[in-house]
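>>> Sequence isn't available, so here's the structure alone:
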DNA sequence: AAGTTTTACTTGTATATACAAGTAAAATGC
DNA sequence: GCATTTTACTTGTATATACAAGTAAAACTT
C-alpha cells in the first residue's frame, strides 16, 4: 500500500512563491500579488493564503505592510547560520573553493566531545568529515563536522566539495536546520591549524563550536571550525 | 481627542500566555490549555487562538504537537543575541558586574563608522556609551554602543550598570530587538584593549560588530565589542 | 495477560464571510 | 495651482464551521 503523500495547498503556495523569489522572478522590493489575486489563482480563501504568506514572512522571504502588500525581502543567509564574507563587499568576484580532508566515515564519538550527547546518540556513533575552505586559493577556514549516525543512504559517497552540506541534507534527506547554538573563542593557532591555514602559530584565530538541531529529531549536526580572519570575517544574520 | 488604544484580542492572549510562561506558572515540558479550552476562556474561536499560539511558537515559547498540545519550551536567550558564558556550566556562582566608562552622550557618528548609515540616521547623530564587564572581578568584555539619536527621554541618566540595555529599552521605551547581523574577527589586543582587559598585547581577542534592528524603525543599535575568551566564551543561540 | 479496536481528545487544514484600518491615487472644491 | 475628500485597493482582525489526522488511554477481544 503506497502512502499517499497528500500535499497541502498552503504548503504548495509557500513552495511556489519561495521558488519564484529564489529564481529572481520577484526581486527585492517587489510586491507579491495581493491576497485576493492569490485567492483566485489558487482557488482558495484568504485564510489559507494568509497562512502561506505569514510563513514566508517568518522565514524572512517577505515583509508585509498593512494597506500595501507583501514586499519581497533581501535574500537572507537564514537562521543565523554562519557564512563567510570578505572585507570587500562584493563576494561575486571572489572564488570560494573547498577541499575534503577527511571523507565522511562512521566512527565513535570522541571521548572529549564538547557538547553533551544523549544516550541514544552516543550508542549510535557518528559520521565525521573535515573540510578546508579557500578564498581566492588561500586557505581561510577549517571545519570538522560530526553528524548523528542515522540512516543517510549514500551520504559518504556524495560530493561535499561544491555543494553546501545544508543543501544536500535538505534535497536528498529532507533534513532542515531549525535552531542551534554556538560558542566563540579567539585563540592562537596551534601547530596543526597554522599548518592547515598556512599562517604563523601566533596568529589569532576564531574558534567556534556549533550545535545545530534539525527537523529530524534524531539528526544533530556538530561542527568545530577555525577561521583566519585577517582578510575575511565570519558573518551571521538572525 | 484621545487616540483610543484598542488592544487586539490575539495580542492580549499572546501577552497573557507569555507572561505566565515567563513567571514560571507554566514550566518547560508543561502543556498549555488546549485550543478549545482557550476558546472558552477568551470567548473566541480557534482561528484567533491559533493566531496567538502560532506567534508564540514562532517566538520560541512553545512547540506545538499534532494530536497532543502546545508544549512549553526551554526559556531561550532569544533572537540570537549574544550572551556571555563561562567555561564552568554553572553561571549562578559567578559574579557579573559592569562599569560604565563613558556615560551616554549625544554625538555625531564617527566618520569611519563600520556599518552603512541612512541619511536620516546620519543627520540625527547618535547616543554613545561604553561599558566594561567583569566576571569575578576580572575584566572580560569591553563594549562600545551607538544608538540612533531618537527621542529616548531620560536615557542618559538611566543606570546601565546593573540592568541589561535590552530590558531598559523594552520596559521604558517599548523598543524590542527584532533582527540583526554580526561580523566576527579574531585579533591581537591593541594597546587600548590590552590595558582595559588587563592582558598582554599579543593576547587573542574576539572582536565583533553587530547591528540590531528594532520594532521602532528609527532605532538601530550598533555595537562593537572586544572579549577575552581565555577563561570564558561568547555564546549565541538561534 | 496481551494484543486490538474504539473512543475522546488534541492539533492541522480549509471554506466562507464580515468589517476595520492603512495606502495611494483619482476626483473634487476653492 | 493646491489642499481636501473620495474611492478603490490593500492587509489586519475576527467569527463560525467542517472535516482530517495524530495521540493516548479506555474498552474490548482472544
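Sure thing, it's come through. The structure presented is a predicted model; accordingly, all values stated were derived computationally and were not measured. Numbering: from 1, shown residues only, chains lettered A, B, ... in the order given.

>>> In terms of helices and strands, where is the closest residue in space to residue A:216 that isn't next to it in sequence?
Closest residue to residue A:216 apart from its sequence neighbours, by CB to CB, 6 or more residues apart in numbering or on different chains: residue A:175 at 5.1 Å. Backbone N, C-alpha and C define where each C-beta goes, glycine included. Under DSSP states H and E, no helix or strand contains residue A:175.

>>> pretty sure residue A:175 contacts residue A:213?
No: assessed by CB atoms under 8 Å, residue A:175 is found out of contact with residue A:213, at 10.7 Å.

>>> Of these two, which one has the most company?
Of the pair residue A:175 and residue A:213, residue A:175 is the one with more neighbours under other CB atoms under 10 Å in any protein chain shown, namely 20 against 14.

>>> Check what pLDDT the more buried one gets.
With respect to pLDDT, residue A:175 scores 80.

>>> Now do the same contact list for it.
A:169, A:214, A:215, A:216, A:219 (CB atoms under 8 Å, 6 or more residues apart in numbering or on different chains).

>>> To what extent is the closest residue to the third one other than its chain neighbours buried, counted in neighbours?
What it means is residue A:215. Computed as CB to CB, 6+ apart, the closest residue to residue A:215 that is not its neighbour in sequence is residue A:176, at 5.0 Å. Neighbourhood size, residue A:176 [other CB under 10 Å]: 13.

>>> Kindly report the same for the one 5 residues further on.
With neighbours defined by other CB under 10 Å, the count for residue A:181 comes to 18.

>>> May I have the beta-bridge partners of it?
Listed by DSSP bridges, the beta-bridge partners for residue A:181 are residue A:211, residue B:237.

>>> any idea how far it is from residue A:147?
Separation of residue A:181 from residue A:147 (CB to CB, to the nearest Å) stands at 17 Å.

>>> What segments of chain A are helices?
Shown for chain A, the helices assigned by DSSP state H span residues A:9-23, A:35-42, A:46-58, A:119-124, A:165-173, A:191-196.

>>> show me the contacts for residue A:212.
Taking CB under 8 Å, 6+ apart, we find residue A:212 in contact with A:81, A:177, A:179, A:180, A:220, A:221, A:222, A:223.

>>> Can you lay out those residues as TSV showing neighbour count and distance to residue A:101?
Output for these, formatted as TSV (neighbours: other CB atoms under 10 Å in any protein chain shown; distance: CB to CB, whole Å):
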residue	neighbour count	distance to residue A:101
A:81	18	22
A:177	21	23
A:179	15	28
A:180	22	23
A:220	21	22
A:221	20	18
A:222	22	17
A:223	20	14
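
>>> Give me the subset of those that also touch chain B.
A:179, A:180 (CB under 8 Å from any CB of the partner chain).

>>> now the contacts of residue A:212 in a markdown table, with distance to residue A:62?
Listed next are these as a markdown table, based on distance: CB to CB, whole Å:
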| residue | distance to residue A:62 |
| --- | --- |
| A:81 | 20 |
| A:177 | 21 |
| A:179 | 21 |
| A:180 | 24 |
| A:220 | 30 |
| A:221 | 28 |
| A:222 | 33 |
| A:223 | 30 |
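
>>> Pull up the residues of chain A that are close to DNA strand D.
Within chain A, the positions near DNA strand D by CB under 7 Å from any atom of the strand are A:6, A:32, A:34-37, A:46-47, A:50, A:53, A:64-70.

>>> how close does the residue nearest the centre of chain A get to chain B?
The residue lying closest to the centre of chain A (CA atoms, centre = their mean) is residue A:166, at 4.6 Å. Here the criterion is CB to the nearest CB, to the nearest Å. By it, residue A:166 lies 14 Å from chain B.

>>> how far away is that residue from residue A:221?
Applying CB to CB, the value for residue A:166 to residue A:221 is 9 Å.

>>> And residue A:226, how close does it get to residue B:181?
From residue A:226 to residue B:181 the distance is 22 Å (CB to CB).

>>> Tell me how many other residues crowd the residue of chain A found nearest DNA strand C.
For chain A and DNA strand C, the shortest gap (CB to the nearest atom of the strand) falls at residue A:67, measuring 2.4 Å. Neighbour count for residue A:67, taken as other CB under 10 Å: 4.

>>> and it, what pLDDT?
Confidence score, pLDDT, at residue A:67: 93.

>>> Check the gap between the closest residue to residue A:210 other than its chain neighbours and DNA strand D for me.
Residue nearest to residue A:210 in three dimensions, not counting chain neighbours: residue A:182, with 4.3 Å by CB to CB, 6+ apart. Distance of residue A:182 to DNA strand D, given as CB to the nearest atom of the strand, to the nearest Å: 30 Å.

>>> repeat for residue A:226
40 Å.

>>> hang on, that residue packs against residue A:140?
No: between residue A:226 and residue A:140 there is no contact under CB under 8 Å: 9.7 Å.

>>> Could you measure from residue A:178 over to residue A:157?
27 Å.

>>> Comparing the two, which residue is more hemmed in?
For the pair residue A:178 and residue A:157, the greater number of neighbours falls to residue A:178 (14 against 8), based on other CB under 10 Å.

>>> quick one: the more buried one from residue A:56, how far?
For residue A:178, the distance to residue A:56 - CB to CB - is 17 Å.

>>> same question, residue A:203
43 Å.

>>> Would you mind listing the buried residues in stretch A:53-62?
Of the residues in stretch A:53-62, A:53, A:54, A:55, A:56, A:57, A:60, A:61, A:62 count as buried by neighbour count, 16 or more other CB atoms under 10 Å in any protein chain shown.

>>> so which of those residues are also by chain B?
Filtering those for proximity to chain B by CB under 8 Å from any CB leaves residue A:54.

>>> pLDDT check: weakest of the buried residues of stretch A:53-62?
residue A:60 (73).

>>> separation between the residue nearest to residue A:216 and residue A:116?
Residue A:175 is 21 Å from residue A:116, where distance means CB to CB.

>>> got the contact list for residue A:102?
A:128, A:129, A:130.

>>> Could you do residue A:39 as well?
In this structure, residue A:39 makes contact with A:45, A:46, A:49, judged by CB under 8 Å, 6+ apart.

>>> Quick check: pLDDT value at the last one.
Read that as residue A:49. 96.

>>> gap between stretch A:210-218 and the chain center?
Remark: stretch A:210-218 is offset 12 Å from the chain centroid, using CA atoms, centre = their mean, to the nearest Å.

>>> buried residues in it?
For stretch A:210-218, by 16+ other CB under 10 Å, it's A:210, A:211, A:212, A:214, A:216.

>>> Check what pLDDT residue A:89 gets.
For residue A:89, the predicted pLDDT is 32.

>>> returning to what we had before: can you say which of the contacts of residue A:39 are buried?
residue A:49.

>>> For the contacts of residue A:39, give me CSV that also has distance to residue B:41.
Listed next are the contacts of residue A:39 as CSV, based on distance: CB to CB, whole Å:
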residue, distance to residue B:41
A:45, 27
A:46, 27
A:49, 29
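
>>> Which parts of chain A belong to which domain?
A:9-72, A:83-235 (automatic domain parsing).

>>> got these as JSON lines, with distance to residue B:15 columns?
Below are these laid out as JSON lines (distance: least, CB to CB, whole Å):
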{"stretch": "domain A:9-72", "distance to residue B:15": "19"}
{"stretch": "domain A:83-235", "distance to residue B:15": "24"}
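
>>> Identify the residues contacting residue A:199.
By CB under 8 Å, 6+ apart, the residues touching residue A:199 are A:189, A:228, A:230.

>>> isn't the first one right next to residue A:207, touching?
Same thing as residue A:189. No: here residue A:189 does not reach residue A:207: they are 9.5 Å apart, not a contact under CB under 8 Å.
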